[in-house]
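Engineer: what would the 3D arrangement of this be:
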Amino acid sequence: TLAEPQSVDDIAAATAAAALGKCDGASVDGADDIKACAAMGDAEIDALCAASGSGADCIVKHRGKIASVANNARCIQRLAEEAEQRCEAQPPHGTLDALLWSFVNGAPQLNAWPCAKQIPTDTETSHEMSKALKKLGFSFVGPKICYSLMQSCGLVIDHPKGSHEWEAARRRPTANRRVE
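Structural biologist: Numbers count the residues shown, from 1 in each chain. Prediction:
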């Protein structure tokens, strides 16, 4: 059974926390994890780069990617602060969630690829998302990463048409779902 998409903010927080070894995959509090990641400074980033570990305990030791977790968390905080300053009501899952869902008009896009080999690694929409996120100061958010995020968060559903997973997604009641 396919899981319903979670809040993009919660998935971003869980991904950041897991990437930095801050959680074991258990439930995470998105706001607290974003706050913790945003607070990371050079000393914490250096320590993560120097940390030893292997297998599931190991993170990618690329300083730029680790620093991007802190940077992107600060960007998420800034989005919320700017919305608050404009006296805008926060969407139920936060401003990042609303921003990302806006690229698919607020509804999952059920694609109809005939076979797995035809599923793209990026799309025009993921290029637009990447450009928008970079303009907002986010880093390490290229079009392929954005498309992967869109897939993992359920913004796009890319199982091959006719597969068990595709049929389950097609039958799932979703208001305003687009079939491409």
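Engineer: packing partners of the helix or strand where residue 168 lies?
Structural biologist: Assessed by DSSP states H and E, residue 168 sits inside helix 164-171. Secondary-structure packing of helix 164-171 (3 or more Cβ pairs under 8 Å, 6 or more residues apart in numbering; DSSP states H and E): strand 109-110. Glycine gets a C-beta too; all of them are placed from N, C-alpha and C.
Engineer: any idea of the mean pLDDT in the strand it packs on?
Structural biologist: Within the predicted structure, the mean pLDDT of strand 109-110 is 93.
Engineer: parallel or antiparallel, which strands does it pair with?
Structural biologist: Using DSSP bridges, the strands paired with strand 109-110 in its sheet are strand 156-157 (parallel), strand 178-179 (parallel).
Engineer: chain center to the helix holding residue 168: distance?
Structural biologist: Using Cα atoms, centre = their mean, to the nearest Å, the distance from the centre of helix 164-171 to the centre of the chain it belongs to is 22 Å.
Engineer: and what of stretch 48-66?
Structural biologist: Average the C-alpha atoms of stretch 48-66, do the same for its chain, and the two points are 20 Å apart (Cα atoms, centre = their mean).
Engineer: how about it as CSV, C-alpha atoms only?
Structural biologist: As requested, C-alpha coordinates have been extracted for stretch 48-66 and formatted as CSV (Å, rounded to 0.1, in the frame of the first residue of the first chain):
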residue,chain,number,x,y,z
LEU,A,48,30.7,16.2,11.1
CYS,A,49,33.2,16.3,8.3
ALA,A,50,35.9,14.7,10.6
ALA,A,51,33.6,12.1,12.2
SER,A,52,34.4,8.5,11.6
GLY,A,53,31.8,5.9,10.9
SER,A,54,30.7,3.3,8.4
GLY,A,55,27.6,1.8,7.0
ALA,A,56,24.3,3.3,8.3
ASP,A,57,26.2,5.5,10.8
CYS,A,58,28.2,7.3,8.1
ILE,A,59,27.2,10.5,6.5
VAL,A,60,28.5,12.0,3.3
LYS,A,61,31.6,13.9,4.3
HIS,A,62,31.2,16.7,1.7
ARG,A,63,31.6,20.0,3.6
GLY,A,64,29.5,21.9,1.1
LYS,A,65,26.6,19.4,1.3
ILE,A,66,26.7,19.4,5.1
